[in-house]
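Q: Requesting a structural model of the entry that follows:
(2 chains)
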Number of protein chains: 2
Amino acid sequence: MNNYGESNGDLNVHEKQVEGRDHGENGDGSGNGVILGIDGGTTSTVCVCIPIFPSSNTLPKPLLVLGRAVSGCSNHNSVGETAARDTLEEVMAEALSKSGSNWSTVHAVCLGVSGVNHPTDQERILNWLREIFPSHVKLYVQNDAVAALASGTMGKLHGCVLIAGTGCISYGFAEDGREARASGAGPVLGDWGSGYGIAAKALTAVIRAHDGRGPQTLLTNKILKALCLSSPDELIGWTYADPSWARIAALVPEVVSCAEACDQVATKILVDAVQDLALSVKAVVQRLGLCGEDGNGFFPVVMVGGVLEANRTWDIGKEVVKCIQEQFPGAHPIRPQVEPAVGAALLAWNFLMKESTENCHS
Amino acid sequence: MNNYGESNGDLNVHEKQVEGRDHGENGDGSGNGVILGIDGGTTSTVCVCIPIFPSSNTLPKPLLVLGRAVSGCSNHNSVGETAARDTLEEVMAEALSKSGSNWSTVHAVCLGVSGVNHPTDQERILNWLREIFPSHVKLYVQNDAVAALASGTMGKLHGCVLIAGTGCISYGFAEDGREARASGAGPVLGDWGSGYGIAAKALTAVIRAHDGRGPQTLLTNKILKALCLSSPDELIGWTYADPSWARIAALVPEVVSCAEACDQVATKILVDAVQDLALSVKAVVQRLGLCGEDGNGFFPVVMVGGVLEANRTWDIGKEVVKCIQEQFPGAHPIRPQVEPAVGAALLAWNFLMKESTENCHS
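A: Residues are numbered from 1 along each chain as shown, chains lettered A, B, ... in the order given. Got it, this is the predicted structure:
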């Protein structure tokens, strides 16, 4: 029943990185060519180069990463189309060079990138890649949440991923290919379970305690100390000075600390965030029927992002899982053991294997 | 008991504007010089020029505005110090010119401007004005909420003002000069009763209905139609495209329409906003003891801003007053009959009269 056991806790499919060797025709499988997996986020872009494995049914253990490169932002919404393309080309060239491979060995590329919400976004980015690679190279462009899902399911598109870092999103696939998402709409549109959402509520609680609208809370001293401010008044200037969401989301550990010290305001903020995050997953599960007709069916829930990896006494991720399992006991949490770029590469490998199987049967 | 009756509904202290005449020594009182009142907002700056009235106890009816000029933004946080200073000087020169006066006739200036939260902000702006005017001219710099309060109390600093437009703030003064504020901290810090707050919650409700996290609501069709969008998915791109708060706040009438059509989601958003706005006022009243020891004392609540002036069946302002009066029956709502720039001018006049009375007695 559980196809994902090997990536849950006792996993031994760890990545193994081999750099600077010539993998042209050696015994590691790369003689069949390579696959590039790219995770294009808003702060950085990671590209990994993996060899093509001979079979679609088993993954080599440990999983071999031939080369890995990191570059800046490749989200065209943030940096513009030309800069995004340059970054992508550069990071792929570096990963290939580090793996001792070259452009001609590439069989498939999968790019998981934020800001892909419509087929038109996908088509535009595919066109850039088509200009770089010859026509026989298979190219796949996905929302970065899809690569994150694949990093937990080792390339299989089934189940639901929940990402909660600075932002949050829930994204799922049914076995028949249907997909659905919830949240991921940004701070204006109420992603309250995100790191930004949690921290913004904590800052609000400090202001409310200060101006008499809300109860006193440990958050006041904790947050002022973390920001080196002397009065809650100064928080107004602090938030206006820099609208970066990540800067606000960085306060989540302070909120967790206060909840661990039994502060009621901080605890309520985390409990609400847990409900919000669980609701995002439940909405996707319901729409795709991932839980089966009786509601008890097994499905993986891949958990990604700093908010869910808190590793603290007050464990947000654990509470989210508990909340999901109350409604769907078959929900099986997975904490990925490989990074999203590897997820993207495994996705490309799965697509490639599926296509070659279909071609064999047609 | 009620000193503010003349500015409430049946008011006859309307502004009367006289332009282009020479008011050097004519019979309208301007022979004693003029006062400039300025309302410096984030979108525009308004300056009015009024004559100095001979007595501190009564205001001439109708109140005479000799000249009025409008210019762009004078918030130094938004446009920088040089541009803000240039705008201020320009708008004052134009108001003086329209009133047939000149710089030498100015006795006092009061500038109510957003972004004044600390004595240091006040001091910096006072320094600009000191470079423009000779030392005998009285200069006052206040938060724009203070000018708005004065526009309802005809210059007297007593009571509480509630502003709810794109943003929201509550600001109050006790008779002894103590002051307090609540909210006004911006969208990140939870000004949920503001126009931005109401509309952001409505947009969130549309996303939640769409992705299965929330109930269906009339807001979906209403808002998509208003924005000429075809699917809730497109709201994500719409909010990212332009971070202006005013653009989002402009959707408040759609929320009110849906509440009037008995949509439960829209109604809850408005009920919550009413609670939030009333709470801001209550917090200020409580901290300043405006309601007296028995909690039943009279105090004015000046109501300003588009959210409170809805003039609709679902009347947000009316509900806010009801909610305040449940706790403080002496709360007396006032809807200003003059604009904030006139409030600033009346404030300068009151300060001036107070100082001259104190000088007489010293």
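Q: Give me the phi and psi angles of the most centrally placed residue in chain A.
A: By Cα atoms, centre = their mean, chain A has its centre lying nearest to A:Ala148, at 3.9 Å. Backbone torsions of A:Ala148, given as degrees, to the nearest 10, read phi -70, psi -40.
Q: from what I can see it touches A:Ile163, true?
A: Yes - the pair A:Ala148 and A:Ile163 passes the contact test of Cβ atoms under 8 Å, sitting 5.6 Å apart. Yep, even glycine has a C-beta here, placed from its N, CA and C like the rest.
Q: quick one: common contacting residues for the two?
A: Common neighbours of A:Ala148 and A:Ile163 are listed as A:171, A:304 (criterion: Cβ atoms under 8 Å, 6 or more residues apart in numbering or on different chains).
Q: so what secondary structure elements neighbour the helix or strand encompassing A:Gln122?
A: If you go by DSSP states H and E, A:Gln122 is part of helix A:119-132. For helix A:119-132, the contact count by 3 or more Cβ pairs under 8 Å, 6 or more residues apart in numbering or on different chains; DSSP states H and E identifies helix A:81-98, strand A:106-113, strand A:138-143 as packing neighbours.
Q: And chain B, is the first one touching that?
A: No - on the criterion Cβ under 8 Å from any Cβ of the partner chain, helix A:81-98 is out of touch with chain B, staying 15.8 Å away.
Q: what is the orientation angle of that helix with strand A:106-113?
A: 130 degrees (axes from the mean of the first three to the mean of the last three Cα atoms, to 10 degrees).
Q: Report the buried residues of helix A:81-98.
A: The neighbour-count check on helix A:81-98 (16 or more other Cβ atoms under 10 Å in any protein chain shown) flags A:84-85, A:87-96, A:98 as buried.
Q: just those residues now: which is nearest chain B?
A: Nearest to chain B among the buried residues of helix A:81-98: A:Ala84, at 15.8 Å, using Cβ to the nearest Cβ.
Q: Now that closest one. Nearest residue, chain neighbours left out?
A: Nearest in space to A:Ala84, with sequence neighbours left out and distances taken as Cβ to Cβ, 6 or more residues apart in numbering or on different chains, is A:His76 at 4.2 Å.
Q: Test my guess that that neighbour contacts A:Val116.
A: No - look at A:His76 against A:Val116 with Cβ under 8 Å: they stay out of range, at 9.8 Å.
Q: any residues in contact with both of these two?
A: A:Ile125.
Q: Could you give the bridge partners of A:Ser170?
A: A:Ser170 has these beta-bridge partners by DSSP bridges: A:Leu162, A:Ala182.
Q: what residues are up against the residue of the stretch 1-150 of chain A found nearest chain B?
A: In the stretch 1-150 of chain A, the residue that lies nearest chain B is A:Asn117 (6.3 Å; Cβ to the nearest Cβ). Contacts for A:Asn117 (Cβ under 8 Å, 6+ apart) come out as A:143, B:233, B:236-237.
Q: ok, A:Cys110 to A:Asn127 distance?
A: According to Cβ to Cβ, to the nearest Å, A:Cys110 stands 16 Å off from A:Asn127.
Q: tell me which parts of the stretch 201-350 of chain A are close to chain B?
A: A:201, A:203-204, A:207-208, A:211-213, A:233, A:235-237, A:239-240, A:243, A:248, A:279-280, A:283-284, A:286-287.
Q: From these, list the buried ones, please.
A: A:201, A:203-204, A:207-208, A:211-213, A:233, A:235-236, A:239, A:248, A:279-280, A:283-284, A:286-287.
Q: how close does the nearest residue to A:Tyr140 once chain neighbours are set aside get to A:Met92?
A: Closest residue to A:Tyr140 apart from its sequence neighbours, by Cβ to Cβ, 6+ apart: A:Cys110 at 4.2 Å. Using Cβ to Cβ, we find A:Cys110 at a distance of 12 Å from A:Met92.
Q: Repeat that for A:Ala348.
A: From A:Ala348 to A:Met92 the distance is 13 Å (Cβ to Cβ).
Q: Show me whatever sits in contact with both of these two.
A: Contacts common to A:Ala348 and A:Met92, judged by Cβ under 8 Å, 6+ apart, are A:36, A:109.
Q: So A:Asn296, which state does it fall into?
A: Following DSSP: H, G, I helix; E, B strand; the rest coil, A:Asn296 is assigned to coil.
Q: do the same with the one 4 residues further on
A: Using three-state DSSP, the structure places A:Pro300 in strand.
Q: so what's the closest residue to it other than its chain neighbours up against?
A: With sequence-adjacent residues excluded and distances taken as Cβ to Cβ, 6+ apart, A:Pro300 is closest to A:Gly159, at 3.6 Å. With contacts defined as Cβ under 8 Å, 6+ apart, A:Gly159 is in contact with A:4, A:149, A:152-153, A:172-173, A:290, A:299-302.
Q: closest to chain B among those residues?
A: A:Gly172 (11.1 Å).
Q: Look up which helix or strand that closest one falls in, please.
A: Per DSSP H and E: strand A:168-173 holds A:Gly172.
Q: which helices and strands does that strand pack with?
A: Strand A:168-173 packs on helix A:144-153, strand A:159-164, strand A:179-183, helix A:264-288, going by 3+ Cβ pairs under 8 Å, 6+ apart.
Q: would you turn those into JSON lines with mean pLDDT?
A: Putting the helices and strands packed on strand A:168-173 into JSON lines (pLDDT from 0 to 100) gives the following:
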{"stretch": "helix A:144-153", "mean pLDDT": "94"}
{"stretch": "strand A:159-164", "mean pLDDT": "97"}
{"stretch": "strand A:179-183", "mean pLDDT": "94"}
{"stretch": "helix A:264-288", "mean pLDDT": "98"}
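Q: Ranking those by mean neighbour count, which comes first?
A: Highest mean neighbour count of the helices and strands packed on strand A:168-173: strand A:159-164, a mean of 30 (counted as mean count of other Cβ atoms under 10 Å in any protein chain shown).
Q: tell me which residues in stretch A:285-300 are buried?
A: Of the residues in stretch A:285-300, A:285-288, A:290-291, A:297-300 count as buried by neighbour count, 16+ other Cβ under 10 Å.
Q: same check, this time on stretch A:36-45
A: Buried-residue list, stretch A:36-45, by 16+ other Cβ under 10 Å: A:36-42, A:45.
Q: of all the helices and strands packed on helix A:119-132, which lies closest to A:Pro187?
A: Ranking those by proximity to A:Pro187 (Cβ to Cβ) places strand A:138-143 first, at 18.4 Å.
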